[in-house]
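In: Return atomic coordinates for the entry below.
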Amino acid sequence: MIRSNSARNYYEVGIRARRTAHTLLTEVPELYDEVEDRIDALLARTLGLLEQHTVDDSSATGDTEQVGIVTR
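Out: As a prediction, this is how the structure comes out:
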């Protein structure tokens, strides 16, 4: 089978694109871990603020009912 230059170029461009994507995507797991750590920190901070707010409200009003918070 005889391949033209354009067909050969087509495959070379595709292979180059896959190699580039592979190189760029190697950083994704590290970025995902960093984002997940930041989310966990924000969740902990938010839960702390909610807990503090709930404690402040119940001591001020004498109400002991607390808001249930679901975490993952």
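In: For the protein, which segments count as helices?
Out: 5-25, 28-61 (DSSP state H).
In: how about CSV for those helices, with mean pLDDT added?
Out: As requested, the helices of the chain are exported to CSV (pLDDT from 0 to 100):
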stretch, mean pLDDT
helix 5-25, 91
helix 28-61, 89
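In: roughly how far apart are Leu42 and Leu49?
Out: 11 Å (C-beta to C-beta, to the nearest Å). For the C-beta atoms, the positions are set from N, CA and C on the backbone; glycine is no exception.
In: State the distance from Tyr10 to Pro29.
Out: From Tyr10 over to Pro29 the distance is 31 Å, taken as C-beta to C-beta.
In: Pick out whichever of those two has more residues nearby.
Out: Shown here are Tyr10 and Pro29; by other C-beta atoms under 10 Å, Tyr10 has more neighbours (12 against 9).
In: what about that one, distance to Ala21?
Out: 17 Å.
In: Then Asp37?
Out: Per C-beta to C-beta, Asp37 is found 25 Å from Ala21.
In: do the same with Gly14
Out: Distance, Gly14 to Ala21, by C-beta to C-beta: 11 Å.
In: what does Gln52 give?
Out: The value you get for Gln52 to Ala21, if C-beta to C-beta is used, is 46 Å.
In: What of Tyr32?
Out: From Tyr32 to Ala21 the distance is 17 Å (C-beta to C-beta).
In: before we move on, what about Arg8?
Out: 21 Å.
In: can you check Pro29 too?
Out: 15 Å.
In: Near Glu51, how many other residues are there?
Out: Glu51: 13 neighbours (other C-beta under 10 Å).
In: Just the C-alpha atoms of stretch 34-48, please, in PDB.
Out: Included here for stretch 34-48 are C-alpha records, laid out as PDB according to Å, rounded to 0.1, in the frame of the first residue of the first chain:
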ATOM      1  CA  GLU A  34      -4.100  20.000  45.700                       C
ATOM      2  CA  VAL A  35      -7.700  21.000  45.000                       C
ATOM      3  CA  GLU A  36      -9.100  18.200  47.200                       C
ATOM      4  CA  ASP A  37      -6.800  19.400  50.100                       C
ATOM      5  CA  ARG A  38      -8.100  22.900  49.700                       C
ATOM      6  CA  ILE A  39     -11.700  21.700  49.600                       C
ATOM      7  CA  ASP A  40     -11.100  19.700  52.800                       C
ATOM      8  CA  ALA A  41      -9.600  22.700  54.500                       C
ATOM      9  CA  LEU A  42     -12.600  24.900  53.500                       C
ATOM     10  CA  LEU A  43     -15.000  22.300  54.700                       C
ATOM     11  CA  ALA A  44     -13.300  22.000  58.100                       C
ATOM     12  CA  ARG A  45     -13.300  25.800  58.400                       C
ATOM     13  CA  THR A  46     -17.000  26.000  57.400                       C
ATOM     14  CA  LEU A  47     -17.900  23.300  59.900                       C
ATOM     15  CA  GLY A  48     -16.000  25.000  62.600                       C
END
